[in-house]
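*Asks:* Just a sequence and a predicted model for now, questions to come.
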Amino acid sequence: MSVPDAFRVVFVCTGNICRSPMAEVVFRELAAQAGLADRVVSTSAGTGDWHVGERADHRTLAALERRGYDGSAHRARQFDLDAFRDNDLIVALDRSHERVLRQWAPEDGHRDRISLLLSFDPAAPGPDVPDPYYADARMFDDVLGMIESASRALFRQLEPAIRPARSGH
């Protein structure tokens with residue numbers, strides 16, 4: 001399967017420097033661990049343009065590194081309308097992002113591709129991944145834990161559709 005045929009998911013938060021980069025990196029690593037790195041494209045974006053071109057927040061990078069992830073290649077970008085066409089799944093990190101994305105969706109069918117990340121995790125404490133931006137390093141670790149749990153649940157749900165069919169020979 002070539003990258004153009006890959007399953008594409010974009011994670012969306014406010015500025016694309018804390019929560020959505022975490023989700024992008026975690027989901028990409030889940031695909032790699034499952035041997036599906038060539039079948040999944042994981043990206044992220046923000047609803048706002050404040051941080052376009054910047055690296056992820058240093059606390060995001062530190063939280064990722066503490067858990068063995070590498071977020072150093074991330075550069076913030078703003079979600080654009082092409083993302084509705086270019087992605088199979090659009091994952092909002094909280095209900096405010098979900099509302100914005102639903103308002104921006106150019107067609108009804110695009111709205112069907114929008115989901116809340118924590119909706120995939122039955123053990124999640126609520127519908128929203130809290131924004132750690134104004135908090136301490138511990139909150140970044142807690143948020144990353146929520147994102148890991150929900151991303152694993154999402155990946156388990158998607159994996160059967162992403163994994164290539166085995167030949168019956």
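*Replies:* Right, received. Where do you want to start?

*Asks:* Quick one: mean pLDDT over the helix or strand where residue 23 lies.
*Replies:* Using DSSP states H and E, residue 23 sits in helix 19-33. Mean pLDDT, computed over helix 19-33, is 98.

*Asks:* and the next element down the chain from that helix?
*Replies:* strand 40-46.

*Asks:* For the longest helix along the chain, buried residues please.
*Replies:* What stands out as the longest helix in the chain, according to DSSP state H, is helix 137-162. Buried residues in helix 137-162, defined by neighbour count with 16 or more other C-beta atoms under 10 Å: 139-144, 146-151, 153-155, 158-159, 162. (Each C-beta comes from the backbone N, C-alpha and C, glycine too.)

*Asks:* hang on, residue 12 in a strand?
*Replies:* Yes: using DSSP: H, G, I helix; E, B strand; the rest coil, the secondary structure at residue 12 is a strand.

*Asks:* Number of residues surrounding it?
*Replies:* Summarising burial for residue 12: neighbours were counted as other C-beta atoms under 10 Å, giving 28.

*Asks:* so what's it bridging to?
*Replies:* residue 45, residue 92 (DSSP bridges).

*Asks:* need the helix or strand of the protein with the lowest average pLDDT.
*Replies:* Within the chain, confidence by mean pLDDT, DSSP states H and E is lowest for helix 108-111 among all helices and strands, at a mean of 92.

*Asks:* any idea of the mean pLDDT for the next helix or strand after that helix?
*Replies:* Downstream of helix 108-111, the first helix or strand assigned by DSSP H and E is strand 114-116. For strand 114-116, the mean per-residue pLDDT is 97.

*Asks:* Sheet partners, orientation included, of strand 114-116?
*Replies:* Here, using DSSP bridges, strand 114-116 pairs with strand 89-92 (parallel).

*Asks:* next SSE after the partner strand?
*Replies:* Using DSSP H and E, the helix or strand that follows strand 89-92 in sequence is helix 95-104.

*Asks:* Restricting to C-alpha, output that next one in CSV.
*Replies:* Only the C-alpha atoms of helix 95-104 are listed here, as CSV (Å, rounded to 0.1, in the frame of the first residue of the first chain):
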residue,chain,number,x,y,z
ARG,A,95,-15.7,19.8,22.5
SER,A,96,-14.7,23.3,21.6
HIS,A,97,-12.5,22.0,18.7
GLU,A,98,-15.3,19.6,17.7
ARG,A,99,-17.8,22.5,17.5
VAL,A,100,-15.4,24.6,15.4
LEU,A,101,-14.7,21.7,13.0
ARG,A,102,-18.4,21.0,12.6
GLN,A,103,-19.0,24.6,11.8
TRP,A,104,-16.1,24.6,9.3
